[in-house]
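Peer 1: Based on what follows, work out the 3D shape:
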Amino acid sequence: MTKVAEPQFFESTAGQVAAELARRGIAPDQHVTITIEPDDWLAEVRRLTRPGVIAAGWSDADIDRIIDEERDEVQPRLG
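Peer 2: Just a heads-up that it's a prediction; the model follows:
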């Protein structure tokens with residue numbers, strides 16, 4: 001039976017990406033996908049979604065709790 005490779009995710013700074021990839025044994029010619037997030041992406045998402053969140057009767061604390069729960073669920077699979 002062939003083992004299916006799972007994607008790997010990690011957070012790093014731009015300056016540390018190459019070192020982290022090398023540490024994980026990723027060959028320099030192996031294809032990778034990198035997502036660059038703006039520093040304020042979470043604040044921008046909150047600003048855009050806040051009216052809908054309030055209309056649904058949710059608070060920022062509710063959203064923070066959900067984010068933490070999802071992060072805890074995903075974390076063991078991150079490598």
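
Peer 1: roughly how far apart are Val45 and Arg23?
Peer 2: 31 Å (CB to CB, to the nearest Å). For glycine as for every other residue, the C-beta is placed from the backbone atoms N, C-alpha and C.

Peer 1: actually Ala5, not the one I wrote
Peer 2: 18 Å.

Peer 1: Just want to know which of these two has more residues nearby.
Peer 2: Arg23 (10 against 6; other CB atoms under 10 Å).

Peer 1: For Thr49, pull up the helix or strand it's in.
Peer 2: Counting by DSSP states H and E, the element that carries Thr49 is helix 41-55.

Peer 1: what's the average pLDDT for that helix?
Peer 2: Mean per-residue pLDDT for helix 41-55: 81.

Peer 1: what's the offset of the helix or strand just after it from the middle of its chain?
Peer 2: Remark: after helix 41-55, the chain's next helix or strand is helix 60-74, criterion DSSP H and E. Remark: helix 60-74 is offset 13 Å from the chain centroid, using CA atoms, centre = their mean, to the nearest Å.

Peer 1: Great, nothing more from me.
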